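1. Need coordinates for the following:
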Amino acid sequence: MVTIVSEYTGDLHTVCTHGPSNATIETDAPVDNEGRGEAFSPTDLLGTAMGSCMLTIMGIVARRDGIALEGAKVTVQKQMSQDLPRRIVRLDVVFELPAGIDPGDRAKLQAAAEGCPVQASLRADLEVSTEYRWS
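-> Residues are numbered from 1 along each chain as shown. Below is the predicted model of the structure:
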């Protein structure tokens, strides 16, 4: 079990501390929800968690199977609902991946990404679109 402690520091900001490492992340409410957008919003972190999780799971497979994945990137665009309660309704995920990976390994990496634990933990009605670009 991992403990994360978030402290409200005022003006819609928090500082979140990862128990095992003491690493911190600061958050701010987004501009469209009374904040100044000076840091990740909590919902931004959900999109970030999914993208980095998918890339990390791909990395585990790549390391295990000797696939060169260095330099791979993922971009996540988050869309919020227009009605209440505020929630994420769509995540568009785009991977930029190295071109030299053979088709069999590409399929393994894509399957690994689709098995991301963060994505598996999301609401069933959250739309997720995933695109893989082998540049």
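
2. Tell me who's in contact with residue 71.
-> residue 98 (C-beta atoms under 8 Å, 6 or more residues apart in numbering). (Each C-beta comes from the backbone N, C-alpha and C, glycine too.)

3. Before we move on, what's the pLDDT of it?
-> Residue 71 carries a pLDDT value of 96.

4. same check, this time on residue 115
-> You'll see residue 115 listed with a pLDDT of 95.

5. State which strand of this structure is the longest.
-> Longest strand in the chain by number of residues (criterion: DSSP state E): strand 88-97.

6. Give me the residues contacting that one.
-> For strand 88-97, contacts defined as C-beta under 8 Å, 6+ apart pick out 43, 46-47, 50-51, 54-55, 69, 72-81, 106, 109, 113, 126-135.

7. What about the residues you listed, which are in helices?
-> 43, 46, 47, 50, 51, 54, 55, 106, 109, 113 (DSSP state H).

8. Determine which two of those residues are furthest apart.
-> Pairwise distances among the ones in helices among the contacts of strand 88-97 were taken by C-beta to C-beta; the largest, 30.6 Å, belongs to 43 and 106.

9. just the ones in helices among the contacts of strand 88-97 now: which is nearest residue 62?
-> Distance to residue 62 across these (C-beta to C-beta) is lowest for residue 109, with 6.6 Å.
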